[in-house]
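Chemist: mind looking at a prediction? Sequence and model below.
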Amino acid sequence: MAVDLESLSEATSGALGSLLSTTILYPLDTCKTKFQAEVESHGQRKYRNLSDVLWEAVSTGRVLSLYQGLGTKNLQSFIAQFIYFYGYSYFKRLYLEKSGSKSIGTKANLILAAAAGACTAIVTQPLDTASSRMQTSAFGKAKGLWKTLSEGTLSDAFDGLGISLLLTSNPSIQFTVFDQLKQRLLAQKLKEADHGSSPVVLSAFTAFLLGAVSKSIATILTYPAIRCKVMIQAADPDNDNDDQTKRAQPKPRKTVLGVVRSIWKREGISGFFKGLEAQITKTVLSSALLLMIKEKISATAWVLILALQRYLLLTRGRLKNA
């Protein structure tokens with residue numbers, strides 16, 4: 001079976017873009033996740049805003065703990081984006097071939113993006129769960145990947161999978177909006193360009209803006225589910241304690257319904273949007289950087305893959321003639 005080189009190029013550039021954007025913004029991601037995971041109790045909050053999380057790390061001399069779980073997050077992010085971009089690109093090409101259409105409509109684009117997102121969520125859920133637990137552990141007390149996952153059962157590693165599948169609508173909305181805006185801009189540029197000019201591509205700044213707009217729309221629409229997922233995957237505070245008696249006591253399993261009730265009872269409807277500003281700030285910057293980097297890497301990756309394919313074909317031909 002031949003490898004889909006165009007999909008491979010998209011997957012490689014998307015994964016590398018994700019790796020860089022995740023690393024650059026990881027401290028912000030850690031602050032955001034810890035802020036989202038906290039539920040108000042008796043009118044009291046440990047964190048009033050995002051800066052309180054950062055100040056806690058600074059005041060306790062745990063600044064480097066803002067990077068706890070970075071390795072796991074990068075691994076999850078790289079694998080997730082590779083699978084997503086490969087699947088998304090492959091499904092689009094397959095759809096065009098089977099349908100005979102010259103373009104993909106909004107509805108079909110949403111379905112294809114959701115299918116790619118579902119495949120990604122199922123494969124990477126244990127890594128996603130582990131990274132969330134590491135980030136929400138007390139500063140300096142996060143455990144390694146294997147220890148974090150081995151503390152619970154196999155089903156515990158897939159905590160939040162149902163919501164993750166629901167949240168496939170988030171990248172579906174994001175990349176559909178991005179692709180539609182991108183196609184319109186490129187079509188406009190193509191009309192203005194001369195026939196003999198170089199290929200028309202988005203500028204880094206334009207890609208950044210389109211990424212920011214598309215991710216903002218997707219985040220606002222899906223945020224209540226995002227917060228519920230973070231709370232389900234968050235580390236239990238007792239697990240940061242060395243008291244064996246506390247750790248030996250079985251903890252009730254977190255469920256979507258239980259989390260929804262807890263937020264509603266303690267914080268009201270506004271609780272479902274707690275941390276929305278932080279989420280938008282982080283995800284918009286992350287997605288905008290990802291798409292900007294991806295657009296710039298994509299052309300280079302495609303050239304390198306074609307060069308590698310040509311080299312392998314030449315090598316194969318020489319071996320046959322030898």
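Modeler: Okay, I see it. Numbering: from 1, shown residues only.
Chemist: what is the subsequent helix or strand relative to the helix or strand harbouring Lys98?
Modeler: Per DSSP states H and E, Lys98 falls inside helix 70-99. For helix 70-99, the succeeding helix or strand toward the C-terminus, using DSSP H and E, is helix 106-136.
Chemist: list the buried residues of that next one.
Modeler: For helix 106-136, a neighbour-count test (16 or more other C-beta atoms under 10 Å) marks 108-114, 116-121, 124-136 as buried. Every residue, glycine included, has its C-beta placed from N, CA and C.
Chemist: now the angle from it to helix 70-99?
Modeler: Between helix 106-136 and helix 70-99, the angle comes out at 170 degrees (axes from the mean of the first three to the mean of the last three C-alpha atoms, to 10 degrees).
Chemist: what mean pLDDT would you report for helix 106-136?
Modeler: Per-residue pLDDT over helix 106-136 has a mean of 86.
Chemist: how distant is that helix from the center of its chain?
Modeler: 7 Å (C-alpha atoms, centre = their mean, to the nearest Å).
Chemist: ok, stretch 102-119 next?
Modeler: Counting by C-alpha atoms, centre = their mean, stretch 102-119 comes out at 17 Å from the chain centroid.
Chemist: now swap in stretch 25-33 and tell me
Modeler: Counting by C-alpha atoms, centre = their mean, stretch 25-33 comes out at 13 Å from the chain centroid.
Chemist: report the rounded mean pLDDT for it.
Modeler: Here the average pLDDT along stretch 25-33 is 89.
Chemist: contact partners of it?
Modeler: Contact with stretch 25-33 is made by 22, 50, 53-54, 57, 66-70, 73, 132, 135-136, 230, 234, 275, 278-279, 281-282, 285-286, 289, as judged by C-beta atoms under 8 Å, 6 or more residues apart in numbering.
Chemist: among these, name the ones in helices.
Modeler: Using DSSP state H, 22, 50, 53-54, 57, 70, 73, 132, 135-136, 230, 278-279, 281-282, 285-286, 289 are the members of the contacts of stretch 25-33 that sit in helices.
Chemist: and stretch 263-273, how far apart are its ends?
Modeler: 10 Å (C-alpha to C-alpha, to the nearest Å).
Chemist: flag every buried residue along that stretch.
Modeler: In stretch 263-273, counting by 16+ other C-beta under 10 Å, buried: 263, 267, 271-272.
Chemist: all helices of the stretch 201-322 of the chain, in order?
Modeler: In the stretch 201-322 of the chain, the segments counted as helices under DSSP state H, counting those that start in this stretch are 204-233, 244-248, 256-267, 276-321.
Chemist: most packed of the ones you listed?
Modeler: When the helices of the stretch 201-322 of the chain are scored by mean count of other C-beta atoms under 10 Å, the highest mean neighbour count falls to helix 204-233 (a mean of 20).
Chemist: pLDDT of that one, averaged?
Modeler: The average pLDDT within helix 204-233 is 85.
Chemist: by contact count, what packs against it?
Modeler: Contacting helix 204-233 under the criterion 3 or more C-beta pairs under 8 Å, 6 or more residues apart in numbering; DSSP states H and E are the following elements: helix 26-37, helix 106-136, helix 161-166, helix 169-192, helix 256-267, helix 276-321.
Chemist: dump those to JSON lines, plus distance to Ser203.
Modeler: As requested, the helices and strands packed on helix 204-233 are arranged in JSON lines below (distance: least, C-beta to C-beta, whole Å):
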{"stretch": "helix 26-37", "distance to Ser203": "25"}
{"stretch": "helix 106-136", "distance to Ser203": "23"}
{"stretch": "helix 161-166", "distance to Ser203": "33"}
{"stretch": "helix 169-192", "distance to Ser203": "10"}
{"stretch": "helix 256-267", "distance to Ser203": "41"}
{"stretch": "helix 276-321", "distance to Ser203": "9"}
